[in-house]
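Student: Here is my input, please return the structure:
(one chain, ligands or ions: 1)
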Amino acid sequence: MSYPTVRPRRLRVSAPMRRLVAETRIHPAQLVLPMFVREGLDEPKPIASMPGVVQHSRDSLRKAAVEAVQAGVGGLMLFGVPTHKDEVGSGGCDPDGILNAALRDVVSEVGDATVVMSDLCLDEFTSHGHCGVLAPDGSVDNDATLAVYGDMAVAQARAGAHMLGTSGMMDGQVGAVRKALDASGFTDVSILAYAAKYASAFYGPFREAVESSLEGDRKTYQQDGGNGREAIRETLLDLAEGADIVMVKPAGPYLDVISDVRAAVDVPVAAYQISGEYSMIEVAAANGLIDRERGILETLTSIRRAGADIVLTYWAVEAAGLVSGR
Ligand code: PBG
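Tutor: The predicted model follows:
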């Protein structure tokens, strides 16, 4: 009888031993909480397709922001849902539009204690649900959209946002936003570029969260799921245009892309665990199919292991609690 001299299991014998040798850790400060605020609400309103997530009223948003900061999360990402949408998404540039008003609320409440970020995209504000303005033939007009993003960026910076999430996937958007910010004196406002953003089925529940009226898809501007090299090209372009942080989205189905982007750049890399990734686990757990907390931690750990320094997740507050002390 011969015995193995090398036994990897020795480092798995107990919880303290496993904790000692863990290669990947999650710190609350690396987690960013996406939050929705809906114009005209008195009470928070549950989002049926995202169990546990709500559209906030302006009041409940302030309170939830304080709770998130107390839980130690690294940042907040705000999405606004206006009552009235129009062809050009004017609510996004209006200083009193819901997102800009909510930004002022949150910055005055917790702005010294966390990084306040805002979604810089038109789809929440347009009646057709596209991330840009449309040309007469109905296609998304890239360059006309850039001008609107520039105005929207300045409006968000004036409202106090620290970091803007350019998520529309228009060519040149990071450069246009950087230029508009700098021209208005907002040189310290940073850009989180959704550098590699894929046209994904997993955005499904988000459509309800922002009451999107999109018909059709975003395949003329978001990336095709099979293209990995293209993600590097998109990322390097965004960096050349002035991005401070680059993001891959969705996260779970694109772990290889996170890993490749991490290896290709020396700026912080973020990943967004999106609505569908969230709801799949919530719904499976609610039906007794998987252990919810283990599922949350396993997916977040995998996203970190792949190379993401920062993770946007709807579980940010809960996960911050789960990992503290680990
Ligand atoms: C665009 C945007 C989307 C999401 C974040 N920013 C929607 C899309 O690109 O279709 C999706 C986030 C999620 O699904 O959790 N403003």
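Student: going forward, measure contacts and count neighbours with C-alpha atoms only.
Tutor: Fine.
Student: just the helices in the chain please.
Tutor: Counting by DSSP state H, the chain forms helices over residues 15-20, 58-70, 98-110, 142-158, 173-183, 204-209, 229-240, 255-264, 275-286, 292-306, 316-323, given from the N-terminal end onward.
Student: So, low pLDDT: which residues of the stretch 201-326 of the chain?
Tutor: 325-326 (pLDDT under 70).
Student: residues from it in reach of the ligand?
Tutor: With C-alpha under 6 Å from any ligand atom as the criterion, the stretch 201-326 of the chain comes near the ligand at residues Tyr203, Phe206, Ile274, Ser275.
Student: Over to the third one: give its phi and psi.
Tutor: Meaning Ile274. In this entry, Ile274 is assigned phi and psi values of phi -90, psi 180 (degrees, to the nearest 10).
Student: Next up, the contacts around Val69.
Tutor: With contacts defined as C-alpha atoms under 8 Å, 6 or more residues apart in numbering, Val69 is in contact with Gly75, Val110, Ala113, Thr114.
Student: got a winner among those for most neighbours?
Tutor: For the contacts of Val69, the largest neighbour count, defined by other C-alpha atoms under 10 Å, is 28 neighbours, found at Gly75.
Student: Quick check: bridge partners of the residue nearest to Met35 when sequence neighbours are not counted?
Tutor: Of all residues not flanking Met35 in the chain, Leu78 sits nearest, at 5.0 Å (C-alpha to C-alpha, 6 or more residues apart in numbering). Taking DSSP bridges as the rule, Leu78 bridges to Met35, Ser118.
Student: okay if I get the contacts of Val69 as TSV plus pLDDT?
Tutor: Formatted as TSV, these follow (pLDDT from 0 to 100):
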residue	pLDDT
Gly75	98
Val110	98
Ala113	97
Thr114	98
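Student: Which one of those is nearest to the ligand?
Tutor: For the contacts of Val69, the closest approach to the ligand (C-alpha to the nearest ligand atom) belongs to Gly75, at 15.5 Å.
Student: you'd agree the closest one is up against Ala113?
Tutor: No - counting by C-alpha atoms under 8 Å, Gly75 sits too far from Ala113 to count as a contact (9.1 Å).
Student: Next up, phi/psi of the residue of the stretch 51-200 of the chain found nearest the ligand, please.
Tutor: The ligand sits closest to Cys121 of the stretch 51-200 of the chain, with a gap of 4.8 Å, by C-alpha to the nearest ligand atom. Here is the backbone geometry of Cys121 (degrees, to the nearest 10): phi -160, psi 160.
Student: For it, list the residues it contacts.
Tutor: When contacts are counted by C-alpha under 8 Å, 6+ apart, Cys121 touches Cys131, Gly132, Tyr149, Thr166, Ser167, Gly168.
Student: Quick check: which of those residues are also close to the ligand?
Tutor: Residues shared between the contacts of Cys121 and the neighbourhood of the ligand are Ser167, Gly168 [C-alpha under 6 Å from any ligand atom].
Student: pLDDT at Lys85, what is it?
Tutor: Confidence at Lys85, expressed as pLDDT, is 96.
Student: swap that for Arg12, sorry
Tutor: Per-residue confidence for Arg12 comes out at a pLDDT of 98.
Student: related to what we said a few turns ago, for the residues of the stretch 201-326 of the chain next to the ligand, give me CSV that also has neighbour count.
Tutor: Converted to CSV, those look like this (neighbours: other C-alpha atoms under 10 Å):
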residue, neighbour count
Tyr203, 16
Phe206, 17
Ile274, 22
Ser275, 22
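Student: Need the max-distance pair from those.
Tutor: Pairwise distances across those (C-alpha to C-alpha) peak at 8.1 Å, for the pair Phe206 and Ile274.
Student: on that earlier part again, and the gap between the residue of the stretch 51-200 of the chain closest to the ligand and Ala271?
Tutor: 17 Å (C-alpha to C-alpha, to the nearest Å).
Student: just Gln156 next, same as before
Tutor: As for Gln156, its distance to Ala271 is 22 Å (criterion: C-alpha to C-alpha).
Student: do Leu122 as well
Tutor: Here the distance between Leu122 and Ala271 works out to 21 Å (C-alpha to C-alpha).
Student: who has more neighbours, those two?
Tutor: Neighbours of Leu122 and Ala271, each counted by other C-alpha under 10 Å, are more numerous for Ala271; the result is 32 against 27.
Student: In the beta-sheet assignment, what are the partners of the more buried one?
Tutor: In this entry, Ala271 is beta-bridged to Val248, Val311, by DSSP bridges.
Student: Pick out the residue in the stretch 101-250 of the chain sitting closest to the ligand.
Tutor: With distances taken as C-alpha to the nearest ligand atom, the stretch 101-250 of the chain approaches the ligand most closely at Tyr203, which sits 3.6 Å away.
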